[in-house]
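Peer 1: model the following, please.
(one chain, ligands or ions: 1)
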Amino acid sequence: MSMATFIKAFKANHSGFRGECNCGREFYNPDDCWDFEDEEIEYLIKDPNATELLDDVRYVEFNNREYVIGCDCWQEKARHFINLISNHDVQIAKYLNGERARKIYEAEQVQIIKILSDDGTQDPEFDDDIPF
Ligand SMILES: [Zn+2]
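Peer 2: Coordinates of the predicted model:
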């Protein structure tokens, strides 16, 4: 697994013109200048804790934390996860397949409750094959 694959797999579903990494470092995209308040961009440019990015601030989420992709603080931790996943890929696949089978078994133990229309027939909105 490469770092690019890791980022693709663990990226968050949101981004923005400004954001803070888990380490406390601030990131911003000056090209989104219409989103900033008056003098906000000038403040960020002078802030030694703020880093300018060439694109929107995007995140990866793992280990119950959110990191800015443009920050260096999380990459060593990510390499640890990449090595763990790569070195135990067969075991992880077995675990995920086992969990899938266990969840299917548990779901099959739940009794299906039929919802009937006023005339006593199966309500088509609650068809057994398409429950949602
Ligand atoms: Zn960081």
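Peer 1: ok, and what's touching the helix or strand hosting Gly19?
Peer 2: Taking DSSP states H and E as the definition, Gly19 sits inside strand 18-20. With C-beta atoms under 8 Å, 6 or more residues apart in numbering as the test, strand 18-20 has contacts from Glu26, Phe27, Tyr28, Asn29, Asp35, Phe36, Leu44, Val57, Tyr59, Val68. All C-beta spots, glycine's among them, are computed from the backbone N, C-alpha and C.
Peer 1: tell me who's in contact with the residue lying farthest from the centre of the chain.
Peer 2: In the chain, the greatest distance from the average C-alpha position (C-alpha atoms, centre = their mean) is reached by Asp119, at 46.3 Å. If a contact means C-beta under 8 Å, 6+ apart, then Asp119 has no contacts.
Peer 1: let the chain start at 316 from now.
Peer 2: Right, with 316 as the first residue, what we last looked at is Asp434.
Peer 1: any idea which helix or strand in this structure has the lowest mean pLDDT?
Peer 2: Lowest by mean pLDDT, DSSP states H and E among the helices and strands of the chain is helix 355-361, with a mean of 89.
Peer 1: so what does that helix touch, helix or strand wise?
Peer 2: Counting contacts by 3 or more C-beta pairs under 8 Å, 6 or more residues apart in numbering; DSSP states H and E, helix 355-361 packs against strand 341-343, strand 365-367.
Peer 1: can I get those in a markdown table with mean pLDDT?
Peer 2: As requested, these are exported to a markdown table (pLDDT from 0 to 100):
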| stretch | mean pLDDT |
| --- | --- |
| strand 341-343 | 96 |
| strand 365-367 | 95 |
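Peer 1: who wins for proximity to the ion among those?
Peer 2: strand 341-343 (8.6 Å; C-beta to the ion).
Peer 1: helices and strands around that closest one, which ones?
Peer 2: Under the contact definition 3+ C-beta pairs under 8 Å, 6+ apart, strand 341-343 sits against strand 333-335, helix 355-361, strand 365-367.
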